[in-house]
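Student: Mind folding the following:
(one chain, ligands or ions: 2)
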Amino acid sequence: MVDNPRDHNLQILQNGTVQVAGQFMWGSNYTFLAKVETQGESLLAVYKPLRGERPLWDFPPGSLAAREVAAYLTSRALGWDLVPPTVLREDGPAGPGSLQLYLDIDPERHYFNFSDEERQRLRPVVAFDVLINNADRKSGHILLGSDDHLWLIDHGICFHRDHKLRTVVWDFVGQPIPQDILKDLRAFRNHLTSNDELASAFAELLSQGEIEAMTVRAEQLITEGRFPEPDGVRPYPWPLV
Ligand SMILES: Nc1ncnc2c1ncn2[C@@H]1O[C@H](COP(=O)(O)OP(=O)(O)OP(=O)(O)O)[C@@H](O)[C@H]1O
Ligand SMILES: [Mg+2]
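Tutor: Residues are numbered from 1 along each chain as shown. Ligands and ions are numbered 1, 2, ... in the order given. Below you'll find the predicted structure:
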């Protein structure tokens, strides 16, 4: 049953015919704009084929698209709705890859350009990035839509077992994590340690070790109850935007 517009978009992404419509020029990996059509309906999506992934020393080859989907499932399961609907498609025009709803929003409305008030809304973003161990949270990938919805994109290099948190958002270091965020984190941790549908979905996308490491990070956030300090050689992404 389709009861919300984002689930509707998810179904189109999952079942529609995918055609390449353009290419994003500035990313590290091959990223395409795609038109996805089904039963007279269409939408634009961002298609990242596994084949277009630039090899990295620390992430297994061909694993970035699955991480994009795992980030979407995490945000959705937390009830935070930060990541646009994202699916894996085996039959993409350039082979298997991730397909994410394209956000038709002002790319200049990103973190560095936010007002103080807008920055106050970023506590769930920080908790999310710590949880998924985001190794590349650039300013340009934290966006506000014209309806003020907060969106996060680019989650290819997340969920590593080792600590790799690199982010531009260090606004809340040492501050208490609000109770509503902790409540959602506890519920999420319970999913991870059960055998439910979400746990099986993660098992298809991430390694067992990566899932265990995420469980440990969830547990740490819950028990510490505070936003962590920068820890590691380089806690910032490069470039910053
Ligand atoms: N869902 C989306 N909606 C709109 N634009 C998007 C979306 N996802 C990605 N883009 C655009 O495509 C560009 C490249 O995507 P992304 O940053 O995810 O790939 P990347 O290969 O990791 O690039 P980078 O080297 O910039 O990190 C983004 O900077 C953004 O302009
Ligand atoms: Mg990136």
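Student: Let me see the ranges of the strands in the protein.
Tutor: In the chain, the strands defined using DSSP state E lie at 17-24, 31-38, 41-49, 86-89, 97-101, 142-144, 150-152.
Student: which other helices and strands contact the lowest-mean-pLDDT helix or strand in the chain?
Tutor: Lowest on mean pLDDT, DSSP states H and E among the helices and strands of the chain sits helix 5-15, with a mean of 91. If you count contacts as 3 or more Cβ pairs under 8 Å, 6 or more residues apart in numbering; DSSP states H and E, helix 5-15 packs onto strand 31-38, strand 41-49, strand 86-89, strand 97-101. C-beta coordinates here come from the backbone N, C-alpha and C atoms, glycine included.
Student: now that helix, how far from the centre of its chain.
Tutor: Using Cα atoms, centre = their mean, to the nearest Å, the mean C-alpha position of helix 5-15 is found 17 Å from that of the whole chain.
Student: Could you check how many residues crowd around residue 113?
Tutor: Using other Cβ atoms under 10 Å, residue 113 has 13 neighbouring residues.
Student: about what we covered before: in TSV: the helices and strands packed on helix 5-15, plus mean pLDDT, distance to ligand 1 and mean neighbour count.
Tutor: As requested, those are exported to TSV (pLDDT from 0 to 100; distance: least, Cβ to the nearest ligand atom, whole Å; neighbours: other Cβ atoms under 10 Å):
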stretch	mean pLDDT	distance to ligand 1	mean neighbour count
strand 31-38	97	4	20
strand 41-49	97	4	21
strand 86-89	98	8	22
strand 97-101	98	5	27
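Student: for the residue nearest the centre of the chain, what are its contacts?
Tutor: Among the residues of the chain, the one closest to the centroid is residue 71, at 3.7 Å (Cα atoms, centre = their mean). The neighbourhood of residue 71, defined by Cβ atoms under 8 Å, 6 or more residues apart in numbering, consists of 83, 86, 132, 152, 155, 158, 159.
Student: now, which of those sits nearest ligand 2?
Tutor: Set against ligand 2, the nearest of those by Cβ to the ion is residue 155 (8.4 Å).
Student: surely that closest one meets residue 65?
Tutor: No. Using Cβ atoms under 8 Å, residue 155 is not in contact with residue 65; the gap is 10.1 Å.
Student: What is the neighbour count of whichever residue of the chain sits closest to ligand 2?
Tutor: For the chain and ligand 2, the shortest gap (Cβ to the ion) falls at residue 154, measuring 4.3 Å. For residue 154, the tally of surrounding residues (other Cβ under 10 Å) stands at 25.
Student: Any chance of the backbone angles for it?
Tutor: phi 70, psi 80 (degrees, to the nearest 10).
Student: Tell me who's in contact with the residue nearest to it when sequence neighbours are not counted.
Tutor: Nearest residue to residue 154, sequence neighbours excluded (Cβ to Cβ, 6 or more residues apart in numbering): residue 141, at 4.4 Å. The neighbourhood of residue 141, defined by Cβ under 8 Å, 6+ apart, consists of 110, 152, 153, 154.
Student: most neighbours, which of these?
Tutor: Of the contacts of residue 141, with other Cβ under 10 Å as the count, residue 154 tops at 25 neighbours.
Student: Need the per-residue pLDDT for the residue in the chain sticking out farthest from the centre.
Tutor: Each residue of the chain has a distance to the centre, and by Cα atoms, centre = their mean the biggest one is for residue 40: 29.0 Å. We note a pLDDT of 89 for residue 40 in this prediction.
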